[in-house]
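Colleague: below is the sequence, then the predicted model.
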Amino acid sequence: MKTLEPSKIRNVSFVSHSGAGKTSLVESMLFVSKTIDKKGSTDKGNTVSDFEPEEVKRHISISTSLIPIFWKDYKINILDTPGFLEFFAEVKGALRVSEGAVVLVDASSGVEVGTERVWEFVKEEEIPACFVVSRMDRENANFEKALSSIRDFFGSDAVPLILPIGQGQNFKGFINLLTGEAKIFEGGNVKEVDVPDSEKEKFDMYRNELVEKVAENDEELLDKYLNEGDLSPEDIKKGLKEGIKNKVIFPVLVSSSVSDMGTEEILDFIIDEFPPPYLDEKRYGKKPNSDEVVVDSIDPEKPFSGLVFKTFTDPFVGRINFVKVYTGKLTSDMKVLNIDKDKEERVSNLFFIRGKNQEKTDKILAGDMGVIAKLNHTLTGDTLCDSNFKVKYDWLKYPEPVLSYAVEPKRKEDEDRLSTAIFRLTADDPTFIVERNDVTKQLLIKGMGATHLQVMVEKLARKFGVEVTLGKPEIAYKETIKGTAKAEGKYKKQTGGHGQYGHCFIEISPLERGKEFEFVDKIFGGAIPKQYIPAVEKGIKETMKEGILAGYPVVDVKVVLYDGSYHPVDSSELAFKIAASMAFKKAMAEAKPVLLEPVLEVEIRVPESFLGDIISDLNTRRGKILGMDSEKGISIIRALVPEAEMLTYGLDLASLTQGRGYFTARFAKYEEVPARIAEEIIRRKKSEEGKE
Ligand SMILES: Nc1nc2c(ncn2[C@@H]2O[C@H](COP(=O)(O)OP(=O)(O)OP(=O)(O)O)[C@@H](O)[C@H]2O)c(=O)[nH]1
Ligand SMILES: [Mg+2]
């Protein structure tokens, strides 16, 4: 693959809700640019971009693919991201290393919840963007409707640049508002024509809009426009480019990937209007652990530095890291420093990649992207640099996972390999988290939804040969008290020679939630000698590991040790520990013990029409609504819901909203379990223990 200088490179992310046609558009671009001679389709599972079995099986993209396309004298690095919301971390990562976003909006459904979400990411990542009204050939395609939904949601800065001629089955060409050229597709041939009479009115209206928008954002052009009543194509072009880079104009284009109509125009748009690689404040390289900026532009003259924006485990090649070079060049004979891990890495396997196809290279230049295979320590988000040029580029923060499952190996002999394999898999995906629950001892996998976790489990089997079954995670209940009680514990054994003697009086009372434990020693006059006091505390703490209700840890209890007695010969630490434990159990039984459960704070976003269903569903989950908001047709609901009621919420929300809702959840606090439910939990736990 050719290496080009930064001004000839464009790094662009394709983003949208699932199924808007990103992967198909990329395929069309590969075809139009003659990179491939036959188009695949996501329905058949033979596209360049969707090659992983988990993608092929589901007909959706799951992982971002890097697809370089040479167009005219340029190289466009397309990052084809997944639209399915549970894989959004891939989208954010891609946007961080792009200088342009192509946001696809389906011509028949218009803006959807997923579009709104990716638009938020585009805004957060602060990069130039354009819209493509896609699948223009489909039966219900309606450009005007799609455009007005774009403007309703994203504002009037979205202005058409390419207008369709006809739509649905009659989609037969388009007009370029910038050049005034029209193209008609007829029987596989393209005809360049003047703007047809039937389209003149529309053309004038939208061209005026474009000119006004361009003038609005540039004083010099505004003067010209006010004086002359119009702008020259050169002026419009200049103003447009500026407006796009400043993120005040978002042009709207059209496409049909089936017939490749509009594809060339989008390629041209990308090279002409999107900026070459550059750095903005968000992306400046800083001196490690400091705010001092050391890299503020893509600079081929500086020593090497770059950012790893994706890690991927290939079952044959091993781990590969996708890197964007920010300064200097990355060569296949160099040692680099991983600033985040403070480890040197040897780069010997350097590739350009297109989908799954790798092509060896000896260098990757500033502004460009490629992959390094077989690094030992490097993962997504790490900065690599020349060891004499220490610099750190910022990376993303990921939200909390929303769904967990307990995993167990299907085959007993995989038990030892399971956690190692799962931990290796986490390298591929920062939103996939593995942990062992201290309380329940279960190995848990956590992620962004049911499909996400199902996909990870399939990858685990395919890449590491470990098959697992998924189960409900146990809830980490705890126990506490609501009342105050006093109790005596006396442990006395006379067995001939050396006996055992420990004796204490304690009072227990509730502590504020989250305070865990407090021990107060109020022994006066040596009723219990000093050296045995820690044994009393220890005995209580150990007893608190398993409460009397159902064996869950006891928390938020204050214990006052106020009296006791000892025996000069028979007393021992052990005896006092046992006495304390006896006292605690008795006291707890008297102090109104209750179960506590983890409660999550959730934020749910759904189209307004689903609000009623969501609220009544939350009521059945013992949810407490904290607040509701509405933003451009989307309802935002914040609520506190017990974790036990949220175990399958990802699935349930998807079926309640036809996949159009999403939510985030994070641990908020522990709360008392209502008595009726607590009884059931205790009964179940006891019967499980009976079985063991
Ligand atoms: N008629 C028509 N169908 C299209 C067009 N582009 C894509 N499709 C179909 O729309 C469906 C989704 O297309 P994809 O390209 O997989 O969509 P995507 O945006 O990559 O979807 P995700 O990867 O899930 O985010 C497939 O069935 C495609 O065949 C188009 O221009 N016209
Ligand atoms: Mg796709």
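Modeller: Looks like it came in fine. Ligands and ions are numbered 1, 2, ... in the order given.

Colleague: helix, strand or coil for A668?
Modeller: Using DSSP: H, G, I helix; E, B strand; the rest coil, the structure places A668 in strand.

Colleague: against I604, how distant is it?
Modeller: Here A668 is placed at a distance of 15 Å from I604 (C-beta to C-beta, to the nearest Å). Using the backbone N, CA and C atoms, a C-beta is placed for each residue, glycine as well.

Colleague: for those two, indicate the residue with more neighbours.
Modeller: Taking neighbours as other C-beta atoms under 10 Å, A668 and I604 compare with I604 leading, 27 against 15.

Colleague: show me what from the chain comes close to ligand 2.
Modeller: Residues of the chain found near ligand 2 (C-beta under 5 Å from the ion) are K22, T23, S61.

Colleague: give me the subset of these that also touch ligand 1.
Modeller: K22, T23, S61 (C-beta under 6 Å from any ligand atom).

Colleague: which one (most neighbours) among those?
Modeller: K22 leads these on contacts (other C-beta under 10 Å) with 31 neighbours.

Colleague: if I pick it, what's in contact with it?
Modeller: Going by C-beta atoms under 8 Å, 6 or more residues apart in numbering, K22 touches F14, V15, S16, S61, D80, T81, G83, L104.

Colleague: give me the spatial nearest neighbour of it, chain neighbours excluded.
Modeller: F14 (4.2 Å; C-beta to C-beta, 6 or more residues apart in numbering).

Colleague: tell me which element V91 falls in.
Modeller: In this structure, V91 is located in helix 88-96 according to DSSP states H and E.

Colleague: run the chain-centre distance for stretch 311-325.
Modeller: 19 Å (C-alpha atoms, centre = their mean, to the nearest Å).

Colleague: hmm, who's touching it?
Modeller: Counting by C-beta under 8 Å, 6+ apart, 11, 63, 66, 97, 304-310, 330, 351, 353, 358, 364-375, 378-380, 382, 384, 424-425, 427-428, 462-463 sit against stretch 311-325.

Colleague: and those, which of them are in helices?
Modeller: Among the contacts of stretch 311-325, the ones falling in helices (DSSP state H) are R424, L425, R462, K463.

Colleague: and the last one, how far from ligand 1?
Modeller: Applying C-beta to the nearest ligand atom, to the nearest Å, the value for K463 to ligand 1 is 21 Å.

Colleague: ok, I523 next?
Modeller: 68 Å.

Colleague: what's the neighbour count on that residue?
Modeller: As a burial measure, I523 scores 18 neighbours (other C-beta under 10 Å).

Colleague: TSV for the ones next to ligand 1 among the residues of the chain next to ligand 2, including secondary structure?
Modeller: Listed next are these as TSV, based on three-state DSSP:
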residue	secondary structure
K22	helix
T23	helix
S61	coil
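
Colleague: closest to G168 among those?
Modeller: G168 lies nearest to K22 out of these, by C-beta to C-beta, at 20.9 Å.

Colleague: report the buried members of the contacts of stretch 311-325.
Modeller: Among these, those classed as buried by 16 or more other C-beta atoms under 10 Å are 11, 63, 66, 97, 304-310, 330, 351, 353, 358, 364-373, 375, 378-380, 382, 384, 425, 427-428, 463.

Colleague: narrow those residues to those in strands?
Modeller: 11, 66, 305-310, 330, 351, 353, 358, 364-365, 369-373, 384 (DSSP state E).

Colleague: hmm, back to that, what's in contact with the helix holding V91?
Modeller: Residues outside helix 88-96 that contact it (C-beta under 8 Å, 6+ apart) are 13, 15, 62-64, 79, 81-82, 101, 117-118, 121-122, 124-125, 127, 283, 307, 309-310, 380, 395-396, 398, 429-431, 448.

Colleague: now narrow those residues to whatever sits close to ligand 1.
Modeller: With C-beta under 6 Å from any ligand atom as the criterion, these include P82 near ligand 1.

Colleague: any quick ChimeraX command for the buried ones out of the contacts of helix 88-96?
Modeller: Only the buried entries of the contacts of helix 88-96 go into this ChimeraX selection, using 16+ other C-beta under 10 Å:
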select :13,15,62,63,64,79,81,82,101,117,118,121,122,125,127,283,307,309,310,380,395,396,398,429,430,431,448
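
Colleague: just the ones of the contacts of helix 88-96 in strands?
Modeller: Among the contacts of helix 88-96, the members falling in strands (DSSP E) are S13, V15, L79, A101, L307, F309, K310.

Colleague: I figured the residue nearest to K22 was touching N77, is that so?
Modeller: No - using C-beta atoms under 8 Å as the test, F14 is too far from N77 to be in contact (11.3 Å).

Colleague: the two - which one has more neighbours?
Modeller: Neighbour totals were compared for F14 and N77, and F14 leads with 32 against 24 (other C-beta under 10 Å).

Colleague: let me see the contact set for that one.
Modeller: Per C-beta under 8 Å, 6+ apart, neighbours of F14: K22, L25, V26, I78, L79, D80, T81, A101, V102, L104.

Colleague: quick one: S609 from ligand 2, how far?
Modeller: 27 Å (C-beta to the ion, to the nearest Å).

Colleague: so what's the residue count around that residue?
Modeller: Other residues close to S609 by other C-beta under 10 Å number 11.

Colleague: quick check: closest non-adjacent residue to the spatially most central residue of the chain.
Modeller: Residue closest to the average C-alpha location in the chain (C-alpha atoms, centre = their mean): A89, at 3.1 Å. Distances taken as C-beta to C-beta, 6+ apart place T431 nearest to A89, at 4.4 Å, with adjacent residues excluded.

Colleague: residues contacting that neighbour?
Modeller: A89, Y398, P399, P401, G447, M448, H452.

Colleague: any idea how far the third one lies from G547?
Modeller: The reference is to P399. For P399, the distance to G547 equals 33 Å [C-beta to C-beta].

Colleague: and the two? Which one has more around it.
Modeller: G547 (25 against 14).

Colleague: surely the more buried one is in contact with I481?
Modeller: No - assessed by C-beta under 8 Å, G547 is found out of contact with I481, at 9.4 Å.

Colleague: shared neighbours, those two?
Modeller: Listed as contacting both G547 and I481 by C-beta under 8 Å, 6+ apart are V554, M588, P593.

Colleague: surely the second one meets E546?
Modeller: So that's M588. No - if you go by C-beta under 8 Å, M588 and E546 don't touch, sitting 11.0 Å apart.

Colleague: having no further points to raise, I will conclude here.
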